[in-house]
Each structure stands twice: as structure tokens, then as C-alpha cells.
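Q: Generate a structure from the sequence data that follows.
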Amino acid sequence: MTKRLQPIRLDAYKPLREVVSETLRQAIQDGVLKPGERLMEIPLAEELGVSRTPIREAIRKLELEGFVVMVPRRGTYVANISLKDITQVFDQLSKSLLQVSRQSASPKKKSKPWKECL
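A: Purely as a prediction, here's the structure:
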């Protein structure tokens, strides 16, 4: 098996499960771990140089965040991104941008001089 992930450096002041979940999340976002790819605890633990426990905890966290999918009696897989997911992200983004543009276009209240506030 070719190494795709770098071993974890334990110089961070974060819990190991956080460092592992950040590493796996970044690997998914960068395409190192491909959508639909099976994630197995032992090979991941060996690649990252950690035990299976932080891998297991990180996978659970990533499942809650929607980065991976656990299939009972089948294993854990990197989540596929659907057109619906992309549409939801762009809809939310456009709503946020619209709100920000409305706020910046509205007349600003003039603040009172600080002496009048006393």
C-alpha cells in the first residue's frame, strides 16, 4: 500500500482525535481520500502513526460533519457529493451574500458622541 498521508506530528496542543480528524478532513477536501473510498482503521492508523482509537473517534466526528458515511456491516466510506449538496451550499451562500449586501447598503445610524452617552 502506498503512503498517501503523512504521519501525525504530536507537537500540537490539541487532543489527538482532533489532530487526526483535521488530517483526515483535509485529505478528503484535497482529494487524497476519494469519494466512495473505503476507510479502514488499521491501514489509516499505520499511515498516520497512531492507534486505532483516535482514528475511530475521528471517523465518528467526520460522520457527524457529513464527510464520511458508515454503512452497517460494510464499513466506512468517504461521502459522495451530490448535485443536491452542491445546490444547497450555493443557495445558502447566496442567501448570506444577499443579507450582507443589504446590511451594507442600508443607511447607517449615526453614533452619538461619547460624551452624550454619559
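
Q: Give me the buried positions along the longest helix seen in the chain.
A: Taking DSSP state H as the criterion, the chain has its longest helix at helix 83-105. Neighbour counts over helix 83-105 (16 or more other C-beta atoms under 10 Å) mark no residue as buried. Glycine gets a C-beta too; all of them are placed from N, C-alpha and C.

Q: Let me see the mean pLDDT of that helix.
A: Mean pLDDT, computed over helix 83-105, is 84.

Q: Kindly export it (C-alpha atoms) in CSV.
A: Extracted in CSV, the C-alpha atoms of helix 83-105 (Å, rounded to 0.1, in the frame of the first residue of the first chain):
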residue,chain,number,x,y,z
LEU,A,83,-25.7,17.8,-7.1
LYS,A,84,-28.3,18.4,-4.3
ASP,A,85,-25.5,19.0,-1.8
ILE,A,86,-23.8,21.5,-4.1
THR,A,87,-27.1,23.3,-4.7
GLN,A,88,-27.7,23.6,-1.0
VAL,A,89,-24.3,25.1,-0.4
PHE,A,90,-24.8,27.7,-3.2
ASP,A,91,-28.3,28.5,-2.0
GLN,A,92,-27.0,29.2,1.5
LEU,A,93,-24.1,31.1,0.2
SER,A,94,-26.3,33.3,-2.0
LYS,A,95,-28.6,34.0,0.9
SER,A,96,-25.7,35.0,3.1
LEU,A,97,-24.3,37.3,0.4
LEU,A,98,-27.7,38.9,-0.1
GLN,A,99,-28.0,39.6,3.6
VAL,A,100,-24.5,41.1,3.8
SER,A,101,-25.2,43.3,0.7
ARG,A,102,-28.5,44.5,2.3
GLN,A,103,-26.8,45.4,5.5
SER,A,104,-24.0,47.3,3.8
ALA,A,105,-26.5,49.2,1.6
